[in-house]
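A.B. asks: I would like the atomic coordinates for the input below:
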Amino acid sequence: MCRVDDDCSQYCKKVSNCSNAFFILESRCIEGKCICKCKLGEKIRYNGIEYVRTNEIERCRGYGRNFGNLTIWDNSDEGVIYTPYHIDLSRNEFKCYKWVEKQGFIIKGESKYIRGDDIKFLIKNLENKDKILSRRESYLAFLEPDGKLKKLQLPIERDLKLDSNGNLTLKLSSEFSKNLKPGKYRLIVTIENKSKSFEFEMEPGVEIKINTDKENYSSFETVNITLEISSHSDFKKVRLLVHGLSHGNGSLNYERELELKKGTTNIT
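C.D. replies: Just a heads-up that it's a prediction; the model follows:
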């Protein structure tokens, strides 16, 4: 016998099998009897990422995997997982609840970009509603050598609309990227007051080829070396170090500061 819902809490915990993380235990007192239900919850943490359940029912996509006593379809590369809603093997029907990352969007891009090239990121809306990307609350973060975090405003003129279940390409032009220091960056995107980050590395885009006037030299013979430096962008100040070792005749230690222009520079 029970009088209020709280009277059924401990009883339902003992008699129900509702341990899976996707479900929550609901205990009710109805006409003096405890009614225990295992209801599908609203959120879940899967592989370290929090997902929330939407009201959308879709065909199950991804790889089927066991998660506790429940089968899920893992499409987490796209920010989505699925749980069963209606499965009919005889009719090849696989309908699922759609769960999305709690921010409601994901960022896709490359792990490395070259300074002086166009940089593109894909922002994917995971939900069935239009959204707005906040220009003011979205930025690049760069960790300086002294440990200070520097914020750089993105070169976009206004807030951007992200269509329902649509994609948005965020492009940082070569004119912008040529002024970025090589190193590790974090893109912070804020949509509907929810923020998400994406880390990448900015490479200098400099290649050096060492050429000599011939392959073999005699002792004390002058070696003519040409450095062919190719750069994707301008550098106001770089330090060039060239080291070489020889057997018994000393070593090469060449150091120079120079301004590097986009294109090819030859140093002899």
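
A.B. asks: Which pLDDT value does the model give Thr268?
C.D. replies: We have a pLDDT of 74 for Thr268.

A.B. asks: can you check Cys38 too?
C.D. replies: 81.

A.B. asks: Same check on the one 5 residues further on?
C.D. replies: Model confidence at Lys43, given as pLDDT, is 87.

A.B. asks: just His232 next, same as before
C.D. replies: Per the predicted model, pLDDT is 68 at His232.

A.B. asks: got the end-to-end distance for stretch 221-228?
C.D. replies: 22 Å (CA to CA, to the nearest Å).

A.B. asks: typo on my end, it should be stretch 29-45
C.D. replies: So stretch 29-45: terminal residues 30 Å apart, CA to CA.

A.B. asks: got the contact list for the closest residue to Gly263 other than its chain neighbours?
C.D. replies: Of all residues not flanking Gly263 in the chain, Ser231 sits nearest, at 6.8 Å (CB to CB, 6 or more residues apart in numbering). For the C-beta atoms, the positions are set from N, CA and C on the backbone; glycine is no exception. Applying CB atoms under 8 Å, 6 or more residues apart in numbering, we find Ser231 in contact with Gly116, Pro204, Gly205, Val206, Leu260, Lys261, Lys262, Gly263, Thr264, Thr265.

A.B. asks: remind me, longest helix of this protein?
C.D. replies: For the chain, the helix with the greatest residue count under DSSP state H is helix 9-15.

A.B. asks: Find me the pLDDT at Arg158, would you?
C.D. replies: pLDDT for Arg158: 92.

A.B. asks: That one contacts Arg136, correct?
C.D. replies: No: counting by CB atoms under 8 Å, Arg136 is not a contact partner of Arg158; they are 10.3 Å apart.

A.B. asks: so where's the stretch 1-150 of the chain uncertain?
C.D. replies: For the stretch 1-150 of the chain, the stretches with pLDDT under 70 are 19-21, 145.

A.B. asks: How about stretch 165-174, which residues are buried there?
C.D. replies: Neighbour counts over stretch 165-174 (16 or more other CB atoms under 10 Å) mark Leu168, Leu170, Leu172 as buried.
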